[in-house]
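Undergrad: Curious how this folds, go ahead:
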Amino acid sequence: MNATGVPAPAPVANSQTAGIAEELAAINREQASTVSGGVIFRNRNGEDGLSNLTDIEAPMEGRIKAGNGHVIIRATPVTLDAGSASSDPKTLARFGAGTSTNANTVGNDFGSQTGTGVGLSLGYENRNFQGDVGTTPLGFRETNIVGGLQYQNAITDKVSYSLAIARRAITDSLLSYAGARDSGQGLEWGGVTSTGARADLGWDDGTSGVYANLAYQYLDGHHVETNNAVKGGGGIYTRVFKDADQTLTIGANTTLMHYNKNLSYFTYGQGGYFSPQQYVILNFPVEYMGRSGPFSYDVKGSIGVQHYRQDASNYFPTDSTRQNTASGSTLNPDTGAVYPGQSKTGVSYSLSGTGEYQLAPQLAVGATASFGNAYQYREWLTAVYVRYTIGQRLGVAQPAFPPQAFSSPYLSLSN
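TA: Numbers count the residues shown, from 1 in each chain. Predicted structure coming up:
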């Protein structure tokens, strides 16, 4: 499923000549090894020193043909910066130890809120199976083992399914991704991972389709309160126009989620990730993809409405002593050192585009950009990448359709 919620199109009928060329190009890609690299810049709008995040990643990947699939080796340098917190006492009270050491004083001695590291992973995939194991970037304050297994297959020529288990990093903020530090109090916490399972089921007749998914997650991190989540969704779509070189798809989809606890904040014990007790979104996505000569492109957009509700949450959910001390402070912006519950309804939107150009039979370059406000964040991302193919047969190279955007293993472009 792509970023707008419309599954990737099924193959469409082509002319005999185009079909032969397409088949040769697909076989060629399956048989070849590739080396890819790129640079990704992501910004998540938020409060400096807390929820704000600038994320620069430079993933490198080698896909080595092995049997009927590929061994995949990845290395991903990552640099994160949350900015510097304001010196306003009511801001400082909502990070790290806050007022839990002295109810009447708070200082900006947190130190730099940055993270730098290199993530490593090793995997294998073929048409039905994907598996990988690796680490979140080594050099971060908190490092975790991550990985996953996925199996996908067809029940009939129209019905397909996939089953997956995985442990992945939560990249909502510097706190959840790399871990944060309150230098003045010697506190480190964060580095949250999600461990769980997901099932997907879809029906597609080549023109229209229906799909549904269900997932369960267990979330934990270093000195962070544990959490559980249940997520589900589904949608419909139809390809209103398609031929060998272009496809226009429209649809409607919904996503629902429930977290047991609200751990969205940045004091010690909080997780720094969006965790509503109720979340519902209804989207109407549109996708247009095409190719012209050596250039292929994919443009997606969606508009909809989203609603979420979050329960009240203690400043220090894992430490009753700190909570009791902080609850008496007049410096806290929230009475009793409790983040208040909230409920919001608003417009959701997203826009993204990817373009890839086949410079030569063995060399492709591409770029992607996206912007949206899913959940409670406004985020934009840009990336450029290059892919070199080893073992490409000259004379049958075609641009991938749709373009195969290259990304960091921590920042999927297809969720």
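
Undergrad: For stretch 355-375, measure first residue to last.
TA: The straight-line separation of the ends of stretch 355-375 (CA to CA, to the nearest Å) is 26 Å.

Undergrad: ok, for Leu331, nearest residue in space, not its chain neighbours?
TA: Pro89 (4.6 Å; CB to CB, 6 or more residues apart in numbering). Bear in mind the C-beta positions are built from the backbone N, C-alpha and C, glycine included.

Undergrad: Please apply the same query to Thr226.
TA: Of all residues beyond its chain neighbours, the one nearest Thr226 is Asp220 (4.6 Å), with distances taken as CB to CB, 6+ apart.

Undergrad: Just the buried residues of the helix or strand hosting Arg387, please?
TA: Using DSSP states H and E, Arg387 falls within strand 379-390. Going by neighbour count (16 or more other CB atoms under 10 Å), the buried part of strand 379-390 is 379, 381, 383, 385, 387, 389.

Undergrad: Touching, the second one and Ser370? I think so.
TA: Yep, that's Leu381 we're talking about. Yes - applying CB atoms under 8 Å as the test, Leu381 and Ser370 come out as touching, 5.0 Å apart.

Undergrad: Quick check: which helices or strands does the strand holding Arg387 pack against?
TA: In terms of contacts (3 or more CB pairs under 8 Å, 6 or more residues apart in numbering; DSSP states H and E), strand 379-390 is packed against strand 33-44, strand 363-372.

Undergrad: Where does pLDDT dip in the protein?
TA: 1-29, 103, 392-397, 413-415 (pLDDT under 70).

Undergrad: Just the residues contacting stretch 401-410, thanks.
TA: Residues from elsewhere that reach stretch 401-410 (CB atoms under 8 Å, 6 or more residues apart in numbering): 8-9, 22, 36-38, 40, 57, 59, 61, 74, 76, 78, 119, 121, 132, 134, 136, 168-169, 171, 177, 245, 289-291, 296-298, 354-356, 366, 368, 383, 385, 387, 413.

Undergrad: 7 Å - rerun?
TA: With contact meaning CB atoms under 7 Å, 6 or more residues apart in numbering, stretch 401-410 is reached by 8, 36, 38, 40, 57, 59, 74, 76, 119, 121, 169, 171, 289, 291, 296-298, 354-356, 366, 368, 383, 385, 387, 413.

Undergrad: Helices along this protein, start to end?
TA: Remark: helices assigned in the chain by DSSP state H are 16-31, 89-92, 174-177, 320-326.

Undergrad: Quick check: beta-bridge partners of Val305?
TA: Beta-bridge partners for Val305, by DSSP bridges, are Leu282, Val347.

Undergrad: That one and Gly235: what is the separation?
TA: Distance of Val305 to Gly235, given as CB to CB, to the nearest Å: 15 Å.

Undergrad: between those two, who's got more neighbours?
TA: It is Gly235, of Val305 and Gly235, that has more neighbours when counted by other CB atoms under 10 Å, with 24 against 13.

Undergrad: pretty sure the more buried one is touching Gly251, no?
TA: Yes - here Gly235 reaches Gly251: they are 5.6 Å apart, a contact under CB atoms under 7 Å.

Undergrad: which residue packs closest to Asn104, ignoring adjacent ones?
TA: Ser329 is the one closest to Asn104 (CB to CB, 6+ apart), at 6.5 Å.

Undergrad: Of all the residues in stretch 146-164, which ones are buried?
TA: 146-148, 150, 160, 162, 164.

Undergrad: What about those residues, which are in strands?
TA: 146-148, 150, 160, 162, 164 (DSSP state E).

Undergrad: For Gln31, state which of these is nearest.
TA: Gln150 (22.2 Å; CB to CB).

Undergrad: From the opening residue of stretch 321-338 to its closing one, how far?
TA: End to end - CA to CA - stretch 321-338 spans 14 Å.

Undergrad: Just the buried residues of that stretch, please?
TA: Within stretch 321-338, the residues that count as buried by 16+ other CB under 10 Å are 322-323, 325-327, 329, 331-332, 334, 337.

Undergrad: Send me stretch 267-275 as PDB with only the CA atoms.
TA: Extracted in PDB, the C-alpha atoms of stretch 267-275 (Å, rounded to 0.1, in the frame of the first residue of the first chain):
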ATOM      1  CA  THR A 267       9.400  14.300  30.600                       C
ATOM      2  CA  TYR A 268      11.200  11.300  32.000                       C
ATOM      3  CA  GLY A 269       9.300   8.100  31.400                       C
ATOM      4  CA  GLN A 270       7.300   9.500  28.500                       C
ATOM      5  CA  GLY A 271       7.900   8.100  25.000                       C
ATOM      6  CA  GLY A 272       7.700  11.100  22.700                       C
ATOM      7  CA  TYR A 273       5.400   9.300  20.100                       C
ATOM      8  CA  PHE A 274       1.800   9.900  19.100                       C
ATOM      9  CA  SER A 275      -0.300   7.500  21.100                       C
END
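
Undergrad: List the contacts of that stretch.
TA: By CB under 7 Å, 6+ apart, the list of residues contacting stretch 267-275 reads 94-98, 170, 172-173, 175-176, 187, 189-190, 192, 219, 221, 223-225, 227, 259, 261-264, 266, 315-319, 322, 375-376.

Undergrad: and these, which are buried?
TA: 94-98, 170, 172-173, 175-176, 187, 189-190, 192, 219, 221, 224-225, 227, 259, 261-264, 266, 315-317, 319, 322, 375-376.

Undergrad: JSON lines please, covering the buried residues of stretch 321-338 and showing distance to Arg141.
TA: As requested, these are exported to JSON lines (distance: CB to CB, whole Å):
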{"residue": "Arg322", "distance to Arg141": "20"}
{"residue": "Gln323", "distance to Arg141": "23"}
{"residue": "Thr325", "distance to Arg141": "25"}
{"residue": "Ala326", "distance to Arg141": "23"}
{"residue": "Ser327", "distance to Arg141": "28"}
{"residue": "Ser329", "distance to Arg141": "27"}
{"residue": "Leu331", "distance to Arg141": "26"}
{"residue": "Asn332", "distance to Arg141": "26"}
{"residue": "Asp334", "distance to Arg141": "26"}
{"residue": "Ala337", "distance to Arg141": "24"}
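
Undergrad: and which of the residues you listed is nearest Arg239?
TA: Of all those, Arg239 sits closest to Asp334, with 49.6 Å by CB to CB.

Undergrad: who touches the closest one in this structure?
TA: Pro340.
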